[in-house]
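>>> Fold the following.
(chains A and B)
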Amino acid sequence: ETGVTQTPRHLVMGMTNKKSLKCEQHLGHNAMYWYKQSAKKPLELMFVYNFKEQTENNSVPSRFSPECPNSSHLFLHLHTLQPEDSALYLCASSQDRGYNSPLHFGNGTRLTVT
Amino acid sequence: KQEVTQIPAALSVPEGENLVLNCSFTDSAIYNLQWFRQDPGKGLTSLLLIQSSQREQTSGRLNASLDKSSGRSTLYIAASQPGDSATYLCAVSSGSARQLTFGSGTQLTVLP
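Model (predicted):
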């Protein structure tokens, strides 16, 4: 049990589908993040939320749409994805956005786009 | 733009051996450096965080050092065990947004 829970663990979707990834943290943290991990590439930061407000968007295509209704929950809404979007999507949280405290990661959602 | 390199990409050692994993970064103006462990199909687990003003951090059999001026960090694992087998990633916090830039990781296999 990691303190950061992601669902679903695996997702297969067609290019025309709409789906959502969910992340929940039970650590009382104020900042939450979405990262993308592709094979043979370093982790890429996608979005950062601090106290429910989006503070960073790393030039992510609009087919990825984040939502943070409160400090404990984070969603990533997906639509009209491309095969190259297949990857492990990781959610993380930290006490504050300044990266002075360690990041706590969930186990990720393995996404396959067919 | 910060770049983080980890060498080697993969390492295989017999059980009981002491080993060192390397991490280098191009911009020495960092806020902190973090080491993570990732098991197959899982998320990352934070191992050690070194603030820019610190030289090293220790946790159990792990010791991480930081030489900011030369842009290098090492993770020392003492008396390695098969359970240490995983991918180890380092990440540095830098820039105005203090974003973490990750290396590609070193995949460690400890043979029984």
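>>> For residue A:21, which residues are in contact?
A:6, A:7, A:8, A:11, A:75, A:76, A:78, A:89, A:91, A:109, A:111 (Cβ atoms under 8 Å, 6 or more residues apart in numbering or on different chains). For every residue, glycine as well, the C-beta is placed using N, CA and C.
>>> And for residue A:43?
Contact analysis of residue A:43 by Cβ under 8 Å, 6+ apart lists A:35, A:36, A:37, A:90, B:44, B:89, B:91, B:102.
>>> so which of those residues comes closest to residue B:52?
residue B:91 (13.6 Å; Cβ to Cβ).
>>> May I have the strands that pair with the helix or strand hosting that closest one, each with its orientation?
In this assignment (DSSP states H and E), residue B:91 forms part of strand B:86-94. Applying DSSP bridges to the sheet, strand B:86-94 is found paired with strand B:30-38 (antiparallel), strand B:99-102 (antiparallel), strand B:106-111 (antiparallel).
>>> and the worst-scoring helix or strand of chain A on mean pLDDT with chain B, contact?
Scoring the helices and strands of chain A by mean pLDDT, DSSP states H and E places strand A:53-57 at the bottom, with a mean of 76. Yes. Contact of strand A:53-57 with chain B is found when judged by Cβ under 8 Å from any Cβ of the partner chain, involving A:55, A:56.
>>> Run the chain-centre distance for the helix or strand that that strand is followed by.
The first helix or strand that comes after strand A:53-57 along the chain, using DSSP H and E, is strand A:64-70. Distance of strand A:64-70 from its chain centroid, counting by Cα atoms, centre = their mean, to the nearest Å, is 9 Å.
>>> Could you export stretch A:87-98 as CSV, CA atoms only?
In CSV, the C-alpha atoms belonging to stretch A:87-98 read as follows (Å, rounded to 0.1, in the frame of the first residue of the first chain):
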residue,chain,number,x,y,z
ALA,A,87,3.1,4.4,-21.8
LEU,A,88,3.0,4.0,-18.0
TYR,A,89,1.3,7.0,-16.5
LEU,A,90,2.4,7.8,-13.0
CYS,A,91,0.8,10.0,-10.4
ALA,A,92,2.8,11.5,-7.6
SER,A,93,2.3,13.7,-4.6
SER,A,94,4.5,15.8,-2.3
GLN,A,95,4.0,18.0,0.8
ASP,A,96,4.7,21.1,-1.3
ARG,A,97,5.4,22.0,-4.9
GLY,A,98,8.9,23.2,-4.3
